[in-house]
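# Structure of the sequence below:
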Amino acid sequence: MPQPRLFLVYEPEKACLDRLMNQGYPRDRATEISSYLAQSTDLAPEFSKIWREASRRGIAFTPLDLDEAATGIAGSDPATTLVWTLTDGIAYFRGGTAPALARLAGLRTLGADDSLFALCQDKFRSGAVLSALGLPVPQTGLARDGRWLVEPPACKNGWFVKPNRLGAKIGIWPDSHCRDLSQALELSRRVFSHYRDEVVVQPYVAGRNVRASFLDVTGHADMSSLGVFLVESGADFQTMADSLALYGGTGAEARATGVYAEPELVPLAATQPAADGEIRRIASKLMNGLGLRDVFSIDLRVDTDDTVHLIEFEVCPGLPCFDFRAYCRAQWSMSLAEAMTETAARRLVG
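As a prediction, the model looks like this:
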C-alpha cells in the first residue's frame, strides 16, 4: 500500500499580488489585498518542521502551491491521501478551488466542503444563512459605491462598515464605526475605489472581541475542545493597519522593530462563563446546521451582560497566527506542526 500522504494546498501572496496588478490594481492596493494570504508566507518556514513531524507518524508531507495543485494531486490513491486547504477565496483569492479539485480527483479533504469556502467569503450571503439558522448575527445592509442595494436597520449606536468579500481587516479603518448613514455610503465609495468591492453595513454592537478556534486533533473532538479567548488589543476593533502589523513580511518587520505587540489572549470562561457556554452552543449549531468540521474559527463580540454577537466564521483560520498557535498549546499541549500532523495522522493511519 502507498505511504499515506498529506497535501497542504496554499495560494502564495506573490501569486495573488502579481495577478491583481495584472488586473490593474495599483501596487499598494494589491499588496494590501494579497496580505490576506500572509499565513502561507508565515507557515512556509515551518514546512520542514511539519515534514519531520509527519515522518514520525508515517506520513509523507507535500506542500503545494495552488497553481500546482491539480497536477500535484493527480493520480493519488484516495485510500491513503488527504488534502488540507490552507488558504481560501472565491473572488480576490482562489484557494476555494482546492477542495473542489480534491473532490474532482476523488480525494478526502480536511475541513469544510467547498460550498462553505464560497459562503464564508461573502459576508452578506453568509449572514443571511446564519440568521436563517437562528444565530445571533447583526442585521446587514449592503452598499456599492455610494448606493444602497439593501438598506441597514436603524441603530442608536451607529453602524460598522467593512468590505463584503475581503478578510484580514482589509478595508477597515479607524472611522469604520460611523455615526450616520451618509458616512457609511462615503465609506462604501472609498472601499469601491480602493478594492472594487461592496460593503456590508451592520448595526454597531458593543462588547469585547472574542476568537473561538477549533481543531479536531483526535478525530472525534467535541465542543469541550473549542478554544474561546478574549482578544485584548487595547482597541475597540482591529484595523487594516493592525492586521498588516501582525502577519506576513510587514508583520515580521513590525515585531522586529517593536512597532506592534500581539494582543493578549484571555480565556473567556475565566470572567464570563455564561457567554463561554453560549459560544460553544453557537459553534455546535454551526457544525450541525452549517457543516463546519475539522478546523475553523469564529469571530464574536461579547457584551458585559453576556450578550453574544456572531460576526463571522472562517473555514481556513490563520493557522500560523499567534491566536491559533496559543490554542494548540493550551488545548492540545502541542506545537502547530505537531497538532497539524497529528490531526492528519488520525484520518490517515488511525
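
# From now on I want contacts and neighbour counts done on CA atoms only, so please keep to that.
Fine.

# In the stretch 251-350 of the chain, where is pLDDT below threshold?
Scanning the stretch 251-350 of the chain for pLDDT under 70 picks out the ranges 251-261.

# Kindly apply the preceding question to the stretch 101-250 of the chain instead.
Across the stretch 101-250 of the chain (using pLDDT under 70), the flagged ranges come out as 234-237, 239, 242-243, 245-250.

# Tell me where it has helices.
114-120, 123-132, 181-195, 240-246, 248-257 (DSSP state H, counting those that start in this stretch).

# The third one: which residues count as buried?
Residues of helix 181-195 classed as buried by neighbour count (16 or more other Cα atoms under 10 Å): Q183, A184, L185, L187, S188, R189, R190, V191, F192, H194, Y195.

# Pull out the buried positions in stretch 119-136.
Buried, per 16+ other Cα under 10 Å, within stretch 119-136: L119, C120, Q121, D122, K123, F124, S126, G127, L130, L135, P136.

# Go through these and name the one nearest H309.
Comparing the buried residues of stretch 119-136 against H309 with Cα to Cα places P136 closest, at 5.4 Å.

# wait, isn't the closest one in contact with L310?
Yes - with contact defined as Cα atoms under 8 Å, P136 counts as touching L310 (5.6 Å).

# about what we covered before: which one of the buried residues of stretch 119-136 sits closest to L166?
For the buried residues of stretch 119-136, the nearest to L166 is Q121 (7.2 Å; Cα to Cα).

# if I look at the closest one, how far off is C316?
Per Cα to Cα, to the nearest Å, Q121 is found 11 Å from C316.

# ok, now A270?
27 Å.

# For the buried residues of stretch 119-136, please prepare TSV with the additional fields distance to F214.
Conversion of the buried residues of stretch 119-136 to TSV gives the following (distance: Cα to Cα, whole Å):
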residue	distance to F214
L119	19
C120	16
Q121	19
D122	21
K123	21
F124	24
S126	19
G127	21
L130	19
L135	18
P136	20
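
# Strands of the stretch 1-150 of the chain, start to end?
All strands of the stretch 1-150 of the chain, identified by DSSP state E, counting those that start in this stretch, fall at 5-10, 60-65, 81-85, 108-110, 141-144, 147-150.

# For those, please prepare JSON lines with the additional fields mean neighbour count.
Output for the strands of the stretch 1-150 of the chain, formatted as JSON lines (neighbours: other Cα atoms under 10 Å):
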{"stretch": "strand 5-10", "mean neighbour count": "24"}
{"stretch": "strand 60-65", "mean neighbour count": "20"}
{"stretch": "strand 81-85", "mean neighbour count": "25"}
{"stretch": "strand 108-110", "mean neighbour count": "20"}
{"stretch": "strand 141-144", "mean neighbour count": "22"}
{"stretch": "strand 147-150", "mean neighbour count": "14"}
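
# Report the contact partners of D122.
For D122, the contact set (Cα atoms under 8 Å, 6 or more residues apart in numbering) comprises N164, R165.

# cool, the one 3 residues further on as well?
Applying Cα under 8 Å, 6+ apart, we find R125 in contact with L119.

# ok so, going back, just tell me which of the strands of the stretch 1-150 of the chain ends up closest to C178.
Closest among these, once you apply Cα to Cα, is strand 141-144, at 13.9 Å.

# in its sheet, what does that closest one sit against?
Using DSSP bridges, strand 141-144 pairs in its sheet with strand 147-150 (antiparallel), strand 199-203 (antiparallel).

# closest one to Y92 among those strands?
strand 199-203 (14.7 Å).

# Contacts for the closest one, please.
For strand 199-203, contacts defined as Cα under 8 Å, 6+ apart pick out 123-124, 138-144, 152-155, 157-164, 184, 188, 191.
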